[in-house]
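My questions concern the predicted model and sequence given below.
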Amino acid sequence: MFKEDKLNEIKKERQRWEEETLPKFKNRDAKFVTVSSKPIKPLYTPEDIENLDYQEDLSFPAEYPYTRGVQGNMYRGRLWTMRQFAGFGTAKQTNERYKYLLKHGQTGLSVAFDMPTIMGYDSDHPRSVGEVGRCGVAIDSLADMEVLFDGIPLEKVTTSMTINAPAAILWCMYIATAEKQGVPSTQIGGTIQNDILKEYIAQKSWIFPPKPSMRLITDIFKYACEHVPRWNTVSISGYHIREAGSTAAQELAFTLADGFAYVEAGMNAGLDVDQFAPRLSFFFNAHIDFFEEIAKYRAARRIWARKMKEKYGAKDPRSLLMRFHTQTAGCSLTAQQPENNIVRTAFEALSAVLGGTQSLHTNSMDEVLALPSEKAVRIALRTQQLIAHETGVPNTIDPLAGSYFVEALTDELEREAEEYFRRVDELGGVLEAIDQGFFQYEIADAAYRYQKEIEENERIIVGVNDFVIEEPLEVELLKIDPETEREQARHLKELRENRDNEKVQKLLAEMQEAAKGEDNLIPYILEAVKAYATEGEIIGAFKEVFGEYKEQPIF
Amino acid sequence: MSKERKIRVLVAKPGLDGHDRGAKVVARALRDAGMEVVYTGLHQTPEQVVEAAIQEDVDVLGLSILSGAHMTLFPRVKELLEENNAGDILLIGGGIIPEEDMEELKEKGYAQALFTPGIPTDEIVEWIRNAMESKTSSA
């Protein structure tokens, strides 16, 4: 981007500045590194981006390689979707929270399920004791799903569901609920997370071994092409990788590596890349290191576009677009002085907007202590509205492009990601690398290093290892009534008494037979769901065919 | 001291949640502090946890729970320890546990110490060493 003689002049001047001017100023006692422990220089100049080619590396919004954004006019056209992740207790309680959020200006729904739902156990299973409705909503059957979306028009609202191993079942419940509202599956829109690879790597909510898990995912790809074309069939997630302790570069690299693994799985299942790639979406973390995060989003778009075009031969421009959701970093929040979390979240949300996110969840200040209270959720949503309507940030597209620092960081993250792709390839691909604990060790090492830095006071966390005060906690916490568990168990008992059990057993048996062969499993699951087979029954039937995944515990 | 056997700790993840960052960081810190550490891995039932604690002959059992099921899992593990004549194993833990619940768990003896987010791992090491010392001297 610069003329060679100009660059030489700048280089000379920079060297002179470093020798003559800079030494006159004393540094304070601190390490100048990112939250990922990446060293940062005191100053960035044109030298740091001397190889940057505007057309090739940045180009224009909505044009290859999409570094500057996926929409032509970005937030001047439509603001990002403000999508707060919510769910607790029973379907009825969560339904009320959704209506509250929609009334306060939220524009999309995002369902948090409780641990038994995530792990495929019904609420009355012995493994569910003490967990029902605790960190999400308890959903056992289509009957609960109908209550969850009661009075919410599914042809208008889009819904994201954070569900992975049992994603196909919850998705079928959603499709069936919409149908009951009179909305055909071709008209509904939303996302299922459905990203099992990052479960093995970081979030650890797996059920089946990798092979049948990947089959369920490709079955979803195929079914969606034809019947649910507006659905994002997978949300390839870096969020949990980061929360587990990874660096920004690892989050970027591991997430994209997972993404490519899904592309390869879809192609190996006989699909054309352009048939399913436009429905792949992503989910990133917005951590506290402002510029590193912005660079991460920009690098992610560019890498995805380049690989999809060059390596996988995608021709449809929509296959090249990386659309992503962002959530602010839960792991950056502190239990100490929780009000400070409002400020942390605001900075993180701003980085996501500057990085061009398509939707955003802002954490509530009290989430490090319990499920968020209504007031805390409202402040979190207001934080997004403030960015959207008061800061002026959405007025222009990718405003930090051309910053010597941000462009240099973007390049550096891309290089680091490429290096990780190379190492994963050497190990034989993502599944092999998981099997060998590669990602798991990389993340555990980074998490431990970070903790050490805090304990050795190399890194200051306000209110934790500096600026500490002794104060009684004054935030009001949301409590889950233990009655929830008994209520869910009662619902289940009634359900099992009132449905056509013979039909349920027949459908489950047919589904199991199909699981042994190669048929697409989604129509079978959908039929079982419509007959009010419970999630636990469906998962149980699959476990008999697929088996269960066992991890090698490492630390 | 050098002749004494190392302090043995089982770090366990009972319940269904998969948040193992804290458990792994603590496990490493205890190992670095010279203790023998065993990690159960995820999704353990209270029965599996107690069985492992007895089999590994540990002095300390640390539970990490971030799913909100702490009021069920701590009492259950304590109960099983006592049923199996292993009530002398120090039971400690951490995770997302509201203040009120922590007090109740400690008061009722379901946990001897609880460590919440932001606490340096050194503090856990020190607590374990002190507790082991007072246990040996009183025995």
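The structure has been received and is ready for your questions.

For the rest of this, base every contact and every neighbour count on C-alpha atoms.
Noted.

How about the residues of chain A by chain B?
For chain A, the contact set with chain B under C-alpha under 8 Å from any C-alpha of the partner chain comprises A:115-116, A:119, A:127-131, A:134-135, A:203-205, A:244-245, A:334-336, A:368-370, A:444, A:447-448, A:451, A:455, A:464, A:551-555.

When you filter these down to buried only, what's left?
Burial by neighbour count, judged by 16 or more other C-alpha atoms under 10 Å in any protein chain shown, picks out A:115-116, A:119, A:127-128, A:130-131, A:134-135, A:203-205, A:244-245, A:334-336, A:368-370, A:444, A:447-448, A:451, A:455, A:464, A:555 from the residues of chain A next to chain B.

phi, psi of A:T81?
Per-residue torsions, A:T81: phi -80, psi 130 (degrees, to the nearest 10).

ugh, typo on my part, it should be B:G93
Backbone geometry at B:G93, expressed as degrees, to the nearest 10, gives phi -170, psi -180.

go on, the one 3 residues further on?
Here is the backbone geometry of B:I96 (degrees, to the nearest 10): phi -90, psi 90.

Same check on B:Q112?
phi -80, psi -30.

repeat for the one 3 residues further on
According to degrees, to the nearest 10, the main-chain angles of B:F115 amount to phi -120, psi 120.

Excluding sequence neighbours, find me the nearest residue to it.
B:G94 (4.7 Å; C-alpha to C-alpha, 6 or more residues apart in numbering or on different chains).

Show me the shaky parts of the chain.
Let's take chain A. Along chain A, no part satisfies pLDDT under 70.

ah, I was thinking of chain B
Those would be B:1-3, B:138-139, if you go by pLDDT under 70 across chain B.

All the helices of it, residue numbers only.
B:21-32, B:46-55, B:70-83, B:99-107, B:121-138 (DSSP state H).

now swap in the stretch 251-400 of chain A and tell me
For the stretch 251-400 of chain A, the helices defined by DSSP state H, counting those that start in this stretch occupy A:273-276, A:290-310, A:317-320, A:340-354, A:374-389.

Over to the stretch 1-150 of chain A?
A:4-16, A:91-103, A:115-119, A:142-148.

Can you add distance to B:S67 and give those back as JSON lines?
Conversion of the helices of the stretch 1-150 of chain A to JSON lines gives the following (distance: least, C-alpha to C-alpha, whole Å):
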{"stretch": "helix A:4-16", "distance to B:S67": "53"}
{"stretch": "helix A:91-103", "distance to B:S67": "18"}
{"stretch": "helix A:115-119", "distance to B:S67": "7"}
{"stretch": "helix A:142-148", "distance to B:S67": "21"}
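
which one of the helices of chain B lies closest to A:L427?
helix B:21-32 (24.0 Å; C-alpha to C-alpha).

Can you name every helix or strand that that closest one contacts?
On a contact count with 3 or more C-alpha pairs under 8 Å, 6 or more residues apart in numbering or on different chains; DSSP states H and E, helix B:21-32 meets helix A:438-455, strand B:8-12, strand B:36-39, helix B:121-138.

buried ones in that helix?
Neighbour-count burial for helix B:21-32 flags B:R21, B:G22, B:A23, B:K24, B:V25, B:V26, B:A27, B:R28, B:A29, B:L30, B:R31 (criterion: 16+ other C-alpha under 10 Å).

residue contacts, the spatially closest residue to the first one that is not a sequence neighbour?
Taking C-alpha to C-alpha, 6+ apart, and ignoring the residues beside it in sequence, B:R21 has A:A244 as its nearest neighbour in space, at 5.2 Å. The neighbours of A:A244, taking C-alpha atoms under 8 Å, 6 or more residues apart in numbering or on different chains as the test, are A:A202, A:Q203, A:I443, A:A444, A:A447, B:H19, B:D20, B:R21.

Which residues of chain B lie near chain A?
B:15-21, B:24-25, B:27-28, B:39-42, B:45, B:67-73, B:96-98, B:116-121.
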